[in-house]
Structures are given as C-alpha cells and as structure tokens.
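S.K.: Have a look at this fold, sequence not included:
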C-alpha cells in the first residue's frame, strides 16, 4: 500500500509541479509549416523545383526548374555531347574541311584525278577541237582513236571510261554521242564532267557561227573568278549544320520523356505543382531552344572562317520554327509509344516521311537555307519561312491540346 501511495503521490506531485508554472495553459503550441519552409519563406518543394521572384516565379518557377534539370542531364549523355563536338569541329574548321569534303562531292576538284576518255570522229578538225577542250578540263584525260571499232574494243577492254563520237548532221551541226559504263556513282560523276566539256564545246560553236544568226546575240557580263567551294558550302555544309541540331533536339525529347516514363519519375514530376502539360512544355521548349543557339554559334564560326552569311537572323528563325515543330512531334510520339524502341522507330519514320514530303514543296528547306545564306531569297523563300513558323505553332498548340486529353494513368 505504501508503494501505491508513493506512485499516487508522485503523479500528484508531477501535476502540482506543472500547475506551479504560471501561464503554461495559455501558451499555444507552435508547430512548423507542413511542408517545412526555409528561412527565405520558400518551401522545400519550391527549393527543389527552383523559384523566381514575384508572380513570374509562381508561373514559371517550377517550369524553369524542370527545364534546368533537363538541360543539366544532357551533360551525362555522351552521344549528345559527341554529336555537338563533331558539329563544333565542322563549323570551327570549315575552311579546312570543306576542301576535303568537296573532293568527295566533286572529285574533279582534286589534284591527280583523271577519267580516261577516247574521242573518235570522221572530221579530224572536230576531233582535235574536242580533245583540246578536254585537255583544258581538270579530271579528264582524253585520247583519240583511229576509228569507231577500235574505240569500242578499247572501251570493252576497260581502257577507257567513256567514248565520245563526233559527227555532223545534215544541217552541218556538230553532234557528240557519249557512251559510258553503267557503274553507278563513278558514271554519275563522269557525266557531270562531260556535261561541262560539252557546254564549252557548244559555246565555241555558237561563237564560231555567230555570223549566221539573223539578229546579234545579247551581250553578257564577262566571267569572273569564283571559288570552287561556294556551291558545296552553301548547298551542303550550311544546311547540314543547321538541320542537324533540329533532328538531335527531337531525338533528345523522345529519349527524355520515354526515360521518365520507364523510370517512373514522370509520376513524381506530376506530384509537383506542375501538370503533365507543364512538364511537357518545360522539356519541349528547353530542348527546342538549344537548336537556334547552336545554329547561331555555327553561323558565327562559319563567318570567322570566311564563309559569309547574308541573312543570319532569318536562318535562326527558320531553325527555331523547325526545332519547335520537330520537338513537338517528338513529344507526341514519346507520350503515345509503348516503349523506347517503338518511340525511336516512330520518330525516325516520321523524319524520313517529312523529308519525302519536303521534296514536294515549292521550295525545299535546304534551298531555303541556301538562298538566305547566300543572300538571294525570293518571295517563295520568305513565304516558306512564314509557313514553317505557322505550322510549328499550330503543331505545338495541337500537341498541348492532345496532352490535356491524354489519360495520364496509362503513362
């Protein structure tokens, strides 16, 4: 019983001691916010997502955080970094690389290259005239055969790559027949060289027969020396550097969203103050913005290397529109495709289909780039630029509307 009294007295003593503290019943219990906030009055969730001051922060802060996270993750993608490095080397050293690339694009520009051709004809003067013109052309090594049968036999034995037979028709007009082997790419390149030779022969014939014209021909400006690399630079190199960032941006968006879905991190992003549309916007716009930045950098490097760009602003706008279009399409594919393999196949097939459709346009996108770069845009060129911008905006808004109707539980 003494123990019971002691326990009761102990409890009473504890109650009495707590009652002795003045005003303890009137002091409210202070509880922290849930989730806890930092000293700068931002929640831990806000700190993880990133914040911007004022109403702009409440609207764009979380989106900017997702975009920053997306851009930061690209540093670990070795394939993307390698692709950017390759483009940087091409743009930075274009004045050196273009010489070697042009040699592949136009082998006649390389020293030491020569296609063996044989010339045969009834009139010795016509044969010698054509041979003299062929000797002046780089990449052609002409020979003369005694008769047609001899030339055909040598051609069949593989000694020559083409036969040029010179004749005159009933009206004394010069006619040149060409026989070449059907060997694919080599024959195609040879035909290009022979076309240049025959154009020179035609010019000489016209000059020689100018007195036979009923009216004097119009005077044309004299030929000026031009770089042999201009055509390749503006029709191949510049479009290549501007279109590669667009295609890479679309591939990045597809990989990013598919990876978020496969890892389940897309669900975590949806728990944040962002909706699925906001998450897609942040990723899409962040990656799409990389393409015009890369394009601007490449154009600057090309200008430093001596390749003048007449309308850089129009080219950057064009790349921005195409990047928005491709990344929006990539976002739609990534959210609909069941896995990474299907998404990449769908994206690749879509790009190929777009390239095929581009050939049906009034002006191919590569021609649009070349005309803006060289400074000769036409009305069709400007209309094409406006059309790309409008299509990009429509597709972007259409993808956003489609995401709002998407069953997010199926992702």
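M.R.: Right, received. Where do you want to start? Note that the structure is a prediction, hence the values are computed from the model and not measured.
S.K.: Spell out which residues make up each domain of this protein.
M.R.: 78-100+228-410, 110-212 (automatic domain parsing).
S.K.: Over the longest one, what's the mean pLDDT, rounded is fine.
M.R.: Spelled out, it's domain 78-100+228-410. Averaging pLDDT along domain 78-100+228-410 gives 82.
S.K.: does residue 177 really touch residue 169, like I thought?
M.R.: No. Assessed by Cβ atoms under 8 Å, residue 177 is found out of contact with residue 169, at 11.5 Å. Using the backbone N, CA and C atoms, a C-beta is placed for each residue, glycine as well.
S.K.: hey, what's in contact with both of those two?
M.R.: Contact criterion Cβ atoms under 8 Å, 6 or more residues apart in numbering; residues shared by residue 177 and residue 169: none found.
S.K.: which stretch of helix or strand covers residue 143?
M.R.: Using DSSP states H and E, residue 143 maps to strand 140-144.
S.K.: hmm, back to that, show me which of residue 177 and residue 169 is the more surrounded one.
M.R.: Taking neighbours as other Cβ atoms under 10 Å, residue 177 and residue 169 compare with residue 177 leading, 11 against 8.
S.K.: Looking at strand pairing, list the partners for the more buried one.
M.R.: Counting by DSSP bridges, residue 177 forms beta bridges with residue 165.
S.K.: Tell me how far it lies from residue 124.
M.R.: Distance of residue 177 to residue 124, computed by Cβ to Cβ, to the nearest Å: 17 Å.
S.K.: Show me where the chain has its strands.
M.R.: Here the chain has its strands, by DSSP state E, at 115-121, 140-144, 162-168, 174-180.
S.K.: For residue 252, find the nearest of the ones you listed.
M.R.: With Cβ to Cβ, the closest approach to residue 252 among these belongs to strand 115-121: 44.5 Å.
S.K.: quick one: average confidence on stretch 154-167?
M.R.: 88.
S.K.: actually stretch 175-194, not the one I typed
M.R.: pLDDT averaged over stretch 175-194 gives 76.
S.K.: buried stuff in that stretch?
M.R.: Neighbour-count burial for stretch 175-194 flags 176, 180, 189-190, 193-194 (criterion: 16 or more other Cβ atoms under 10 Å).
S.K.: for stretch 136-156, same thing?
M.R.: Result for stretch 136-156 [16+ other Cβ under 10 Å]: buried residues 137-140, 142, 145, 151-152, 154-155.
S.K.: Equivalent analysis for stretch 356-364, please.
M.R.: residue 363.
S.K.: next one: stretch 297-308
M.R.: Those would be 297-299, 301-302, 305, 307, for stretch 297-308 by 16+ other Cβ under 10 Å.
S.K.: Next, count neighbours for the residue nearest to residue 393 when sequence neighbours are not counted.
M.R.: Closest residue to residue 393 apart from its sequence neighbours, by Cβ to Cβ, 6 or more residues apart in numbering: residue 324 at 7.5 Å. For residue 324, the count of nearby residues is 25 (other Cβ under 10 Å).
S.K.: Residue numbering should commence at 86 henceforth.
M.R.: Will do, 86 is the new start, and the previous item becomes residue 409.
S.K.: I figured residue 409 hits residue 373, correct?
M.R.: Yes. Counting by Cβ under 8 Å, residue 373 is a contact partner of residue 409 at 5.0 Å.
S.K.: Tell me who's in contact with residue 324.
M.R.: Shown in contact with residue 324 (Cβ under 8 Å, 6+ apart): 450-451, 454-455.
S.K.: Which one of those residues sits in the busiest neighbourhood?
M.R.: Counting neighbours by other Cβ under 10 Å, residue 454 leads the contacts of residue 324 with 26 neighbours.
S.K.: where's the residue lying closest to it once chain neighbours are set aside relative to residue 373, distance?
M.R.: The spatially closest residue to residue 454, leaving aside those adjacent along the chain, is residue 324, at 4.5 Å (Cβ to Cβ, 6+ apart). Applying Cβ to Cβ, the value for residue 324 to residue 373 is 19 Å.
S.K.: Residue 441 now?
M.R.: According to Cβ to Cβ, residue 441 stands 23 Å off from residue 373.
S.K.: Kindly report the same for residue 262.
M.R.: 55 Å.
S.K.: With residue 435 instead?
M.R.: Counting by Cβ to Cβ, the separation of residue 435 from residue 373 is 16 Å.
S.K.: and if you look at residue 386?
M.R.: Taken as Cβ to Cβ, the span from residue 386 to residue 373 is 22 Å.
S.K.: The strand holding residue 228 pairs with which strands, and in what direction?
M.R.: The pairing partners recorded for strand 225-229 under DSSP bridges are strand 200-206 (parallel).
S.K.: mind listing what's buried in the partner strand?
M.R.: For strand 200-206, the neighbour count (16+ other Cβ under 10 Å) marks 200, 202-206 as buried.
S.K.: now stretch 287-298
M.R.: Buried residues in stretch 287-298, counting neighbours by 16+ other Cβ under 10 Å, are absent.
S.K.: One more: stretch 375-384?
M.R.: Here stretch 375-384 shows 375-377, 379-384 as buried, counting by 16+ other Cβ under 10 Å.
S.K.: got a pLDDT number for residue 147?
M.R.: So, for residue 147, pLDDT stands at 58.
S.K.: Need the phi and psi values for the residue lying closest to residue 239 once chain neighbours are set aside.
M.R.: In space, and not counting its chain neighbours, residue 239 is closest to residue 245: 5.6 Å by Cβ to Cβ, 6+ apart. Main-chain torsions, residue 245, degrees, to the nearest 10: phi -130, psi 150.
S.K.: picking up where we left off before, relative to residue 475, which of the buried residues of stretch 375-384 is nearest.
M.R.: Nearest to residue 475, judged by Cβ to Cβ, of those is residue 377 at 17.4 Å.
S.K.: Report the contact partners of the closest one.
M.R.: When contacts are counted by Cβ under 8 Å, 6+ apart, residue 377 is found next to 401-402, 404-405, 408.
S.K.: now the contacts of residue 324 in JSON lines, with distance to residue 486?
M.R.: JSON lines is the format used below for the contacts of residue 324 (distance: Cβ to Cβ, whole Å):
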{"residue": "450", "distance to residue 486": "26"}
{"residue": "451", "distance to residue 486": "31"}
{"residue": "454", "distance to residue 486": "31"}
{"residue": "455", "distance to residue 486": "35"}
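S.K.: Most widely separated two among those?
M.R.: By the measure Cβ to Cβ, 450 and 455 form the most distant pair in the contacts of residue 324, at 9.7 Å.
S.K.: State the distance from the nearest residue to residue 332 once chain neighbours are set aside to residue 393.
M.R.: Nearest residue to residue 332 in three dimensions, chain neighbours excluded: residue 436, at 6.3 Å (Cβ to Cβ, 6+ apart). Taking Cβ to Cβ as the measure, residue 436 falls 30 Å from residue 393.
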